[in-house]
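Visitor: Curious how this folds, go ahead:
(chains A, B and C, ligands or ions: 2)
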Amino acid sequence: MKTALLQLIKHYWGIALLVFAWQAMVMVSGFNEIVVPSTIMVIQALVAEPLYFLHHSAYTFSAAIGGLMLGIALGLLFASLAWLTPVLDGVITPATLLVRSIPIVAFIPIVIRLAGYGSQTILLVTVMLTFFPCYVFALTGLRSPSKAHQDFFASLGCRPSGLATWRFYWRLALPSAVPNLLTALRLLAPTCVLVALVAEFLMGAQGLGYVMVRARSDLRMDVSWAAAMLATVFSVAFFVAASRLEAHLSKVWRH
Amino acid sequence: MNRTSRFASWCIGFSLLIFFWELAGRENWLGSAWPSLSALFAFMQDPSSAALLLRSSADTASNATIGFLLGSLVGFTLACSGSVWTGLGPGLATFATFVNATPLIALGPLLIVTVGEEVTPAATAGLAVFFSVFIATLSGLQDTNRDQSDVLSIYGSGKIRALICVRIPNAMPKVMDGLKLGTTAAVLGAIIGEWFGAPTGLGVILVSAMQNFQIELLWASALCGTVLSGLSFFLLAAIQTQFIKRLV
Amino acid sequence: MSFDAPTPPPTLLEPSPAPCTSGQALTSTGRPITLRSVGKTYALDDGQSTVRAIDNVSMDIAAGEFIAIIGPSGSGKSTLVRMIAGLEEISEGDITIAGDSPRALIAQQRLGMAMQDHGLMAWLSVRQNIALPFRLSGKVPDEARIDRLLQLIGLADFADVRPTQLSGGMKQRVSLARALVLEPDVLILDEPFGALDAVTRRQMNQELQKIWADKPTTTLLVTHSLEEAVLLADRVCVMSPRPGTIASVHSVPLPRPRTLATTFDETFRQLVASIAKEFDAICGLGDAL
Ligand SMILES: Nc1ncnc2c1ncn2[C@@H]1O[C@H](COP(=O)(O)OP(=O)(O)O)[C@@H](O)[C@H]1O
Ligand SMILES: [Mg+2]
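Guide: Ligands and ions are numbered 1, 2, ... in the order given. From the prediction side, this is the model:
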């Protein structure tokens, strides 16, 4: 019992410290409780309206996860096409460099203007964000088979061009790309949630990002903080799940 | 593909991009919210709009710079403290995961009441930089290989000396990478922070231009943000090359 | 220097491997290979300089013959067998396998290959790895044959395990089984045991002999170990570097099966010693000056 508690402290002292600092700030600073809600108040706000929070969380995370999956699928599709026809890579790679160097968040207002206020915009932004890194990761993965693997396939008449291209792709190139795709998933998962929240925050219609602004203008700081906390918890859970999946599969994939 | 043909296909890619951008703007393919490149540059050359863009960029840049300096200092120090007091290790790892996945915007509501609306942009920028530097340093410090640690323990050197003599130099490439990512993160963080009620900055004109249909201003300020993060990235990359030259 | 061998060494060759176990009829499977003045020049990346890897190699290999190739690093052993396998363009000269080009052999999926880097697919189980050649040639895997091979390499209990969980020697055995599963007409082994320790290696030599005797086929084994070469082969080719040529060929007049006891045999040791002397001369000339 005592060692378990010690382990818990050892692993989670950072987070415990944050919660403690928060509560201390509320008590010491003398801020009005309406301006700085206490830990208890935030939890009470969550419990008071579970359906409200569930609705908005579902909205945020279906957009973020949906966009991420769509982006990965499209990235893989285009990477496969570029794997087949290197000329295509010459057209996509400059765009990749361009997109990688822009602060995507600054372009969300533009996408909102272009695509309108609605969930399609969130989807579009997350796809835009995830497509290019996924494309790069997937293409690197598709081209990663070792010389030994390629030689073995060639010794049975399977080369990346010609009649057996499909077999080469399906049995070697694609499986080789799996670890890279999972790395992309892990790296992009938190960013997708951030982007979805920002878009909702700016559009002000639905989702946890919207709840954060709306509650603030209603002077319901406890609700605003509850939404922020919920978003954080989900985002962390999403990231941890993606990391676990990656760690597990990369153990299988590597010799 | 050899170098020249790759270069050629990149040139073709870029020209196609610019060509279709201009065409889409002139023909209104994507609606009125997509300006042609020529209209955009004409707008940016106009003295009054240029002055506004410059002033906002300067504000955002100063927020980003303050955040960058503070965030990288704190991130680096905290990560290093983990290898001096090893008991902190597991907790730091959990903390790193948490930090990695926390959406920056979720900290906005907390920051505006604690540090105030005017300081929030610098604070979010600082947090964003802290995230990337902290994680990069932590992973860089873990890179010290077994042989090196063995040598250190054989000669019985203390943890602090080991940190300064071996671990930190070893971690430097990753730390530099983290700092490079941090430059973009700083601009991004500053813009997000400005959305929480700051009086000036690129973030402010981005949102107001979006709401008031000032399409050219909207695009121009996004472009300014890109230039800002691009410049700071290259500045740091240049410092890094200089740094590596010194070491070798 | 080049070696032309239209007259194969007398006793053991054609039809190959000699007295095997219990009157088992040794149908001479595999295809004969002919090399005529084969040369290879690599163009380097800078586009100007070239490397002469193989120079004027001629040789006749009988159907079902087991050939070992030894030589110092960089003497072109891999290049030579890769050309025979059709994985490398032939710069000049001609290689025919039963009258056809090496590419034809590949197209008919009659080639088996195992290399130092075992090249197993990490995402497939041992059984699926061995079945992969069937999949790649669009055939339905012959489960009975796969089971038999699994028995033969002693990994029947590991059929559903992934390669990650196997030791180096086990991986090489799987790689051998994979190379043999289509019962190829030509088997090419490029330093398959190069990464193994000495004890495992001796064990693997016995394994290889067992598997090979089960279905003898034309085999080319590249190795760095003289003992291994003499133990397994009908003929041992010694290559000299810069440019790579066949310096000499030695036939091995030892009866099969050759066991560990064979390695203490006087004939065996004399053969190894005489090849070793020649080998040292080749290396000394290359390195001492
Ligand atoms: N793909 C290649 N490009 C250029 N040179 C090569 C290539 N492959 C092998 N060589 C050169 O050919 C020579 C013979 O190499 P290799 O056949 O691998 O020798 P071995 O297998 O006997 O060690 C070496 O000098 C090597 O540098
Ligand atoms: Mg070799």
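Visitor: mind showing which ranges of the chain have poor pLDDT?
Guide: By default, I'm working from chain A. Judged by pLDDT under 70, chain A has its weakly predicted residues at A:1-2, A:29-34, A:254-255.
Visitor: wait, chain C
Guide: Residues of chain C that meet the criterion pLDDT under 70 lie in C:1-28, C:284-289.
Visitor: for ligand 1, what are the nearby residues on it?
Guide: Among all residues of chain C, those adjacent to ligand 1 (criterion: Cβ under 6 Å from any ligand atom) are C:42, C:44, C:51, C:53, C:71, C:73-79. Using the backbone N, CA and C atoms, a C-beta is placed for each residue, glycine as well.
Visitor: try it again with 8 Å
Guide: With the criterion set to Cβ under 8 Å from any ligand atom, chain C comes near ligand 1 through C:40, C:42-44, C:51, C:53-54, C:71-80, C:82, C:88, C:190-191, C:222, C:239, C:241-242, C:244.
Visitor: Show me what counts as buried in the longest helix seen in chain A.
Guide: The helix spanning the most residues in chain A, taking DSSP state H as the definition, is helix A:50-84. Applying a neighbour-count criterion of 16 or more other Cβ atoms under 10 Å in any protein chain shown, the buried positions in helix A:50-84 are A:53, A:56-57, A:59-61, A:63-68, A:70-72, A:75-76, A:78-80, A:82-84.
Visitor: Could you do stretch C:150-161 as well?
Guide: C:150, C:152-153, C:155, C:158.
Visitor: now swap in stretch B:45-54 and tell me
Guide: Of the residues in stretch B:45-54, those with enough neighbours to count as buried (16+ other Cβ under 10 Å) are B:49, B:52-53.
Visitor: picking up where we left off before, let's see which of the residues of chain C next to ligand 1 end up in helices.
Guide: Cross-referencing the residues of chain C next to ligand 1 against helices under DSSP H gives C:77-80, C:82.
Visitor: Which strand or helix spans B:Ala79?
Guide: Here B:Ala79, judged by DSSP states H and E, is contained in helix B:47-84.
Visitor: what residue of the chain is the furthest out?
Guide: In the absence of a named chain, this looks at chain A. A:Ser155 (41.0 Å; Cα atoms, centre = their mean).
Visitor: right idea, wrong chain: chain C
Guide: Relative to the C-alpha centroid of chain C, counting by Cα atoms, centre = their mean, C:Gln48 is the outermost residue, at 33.2 Å.
Visitor: Could I get the pLDDT score of B:Pro121?
Guide: pLDDT, B:Pro121: 92.
Visitor: follow-up on the earlier one: close to chain A, is the following helix or strand past the helix holding B:Ala79?
Guide: Tracing the chain C-terminally past helix B:47-84 and defining elements by DSSP H and E, one meets helix B:89-101 next. Yes: figure legend: helix B:89-101 in contact with chain A (Cβ under 8 Å from any Cβ of the partner chain); contacting residues B:90-95, B:97-98, B:100-101.
Visitor: what sits up against stretch C:98-107?
Guide: The set of residues external to stretch C:98-107 that reach it, using Cβ atoms under 8 Å, 6 or more residues apart in numbering or on different chains, is A:154-157, C:31-32, C:63, C:83-86, C:95, C:97, C:111, C:185-186.
Visitor: if we go to 6 Å?
Guide: Around stretch C:98-107, the neighbours that count as contacts under Cβ atoms under 6 Å, 6 or more residues apart in numbering or on different chains are A:157, C:31-32, C:86, C:95, C:97, C:111.
Visitor: need the strands for the stretch 51-200 of chain C, in chain order.
Guide: Counting by DSSP state E, counting those that start in this stretch, one finds strands in the stretch 51-200 of chain C at the ranges C:66-70, C:92-97, C:111-115, C:186-190.
Visitor: got a markdown table for those strands, with mean neighbour count too?
Guide: What follows is those, written out as a markdown table (neighbours: other Cβ atoms under 10 Å in any protein chain shown):
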| stretch | mean neighbour count |
| --- | --- |
| strand C:66-70 | 25 |
| strand C:92-97 | 17 |
| strand C:111-115 | 26 |
| strand C:186-190 | 25 |
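Visitor: right, so of the ones you listed, which gets closest to B:Ala64?
Guide: Closest approach to B:Ala64 among these (Cβ to Cβ): strand C:111-115, 53.1 Å.
Visitor: number of nearby residues for residue 143?
Guide: No chain specified, so I'll use chain A. Applying other Cβ atoms under 10 Å in any protein chain shown, we find 14 other residues in the vicinity of A:Arg143.
Visitor: meant chain C, my bad for not saying
Guide: Other residues near C:Glu143 number 11, with proximity taken as other Cβ under 10 Å.
Visitor: Tell me how far it lies from chain B.
Guide: Applying Cβ to the nearest Cβ, to the nearest Å, one obtains 43 Å for the distance of C:Glu143 from chain B.
Visitor: for C:Arg173, same thing?
Guide: Distance from C:Arg173 to chain B, counting by Cβ to the nearest Cβ: 31 Å.
Visitor: Would you confirm that that residue contacts C:Gly154?
Guide: No: the criterion here is Cβ atoms under 6 Å, and C:Arg173 misses it with C:Gly154 at 7.4 Å.
Visitor: Distance-wise, check A:Leu187 relative to A:Val223.
Guide: Here A:Leu187 is placed at a distance of 31 Å from A:Val223 (Cβ to Cβ, to the nearest Å).
Visitor: Then C:Gly119?
Guide: The spacing between C:Gly119 and A:Val223, counted by Cβ to Cβ, is 59 Å.
Visitor: who has more neighbours, those two?
Guide: Neighbours of C:Gly119 and A:Val223, each counted by other Cβ under 10 Å, are more numerous for A:Val223; the result is 25 against 22.
Visitor: Could you list which of the buried residues of helix A:50-84 also contact chain B?
Guide: Filtering the buried residues of helix A:50-84 for proximity to chain B (criterion: Cβ under 6 Å from any Cβ of the partner chain) leaves nothing.
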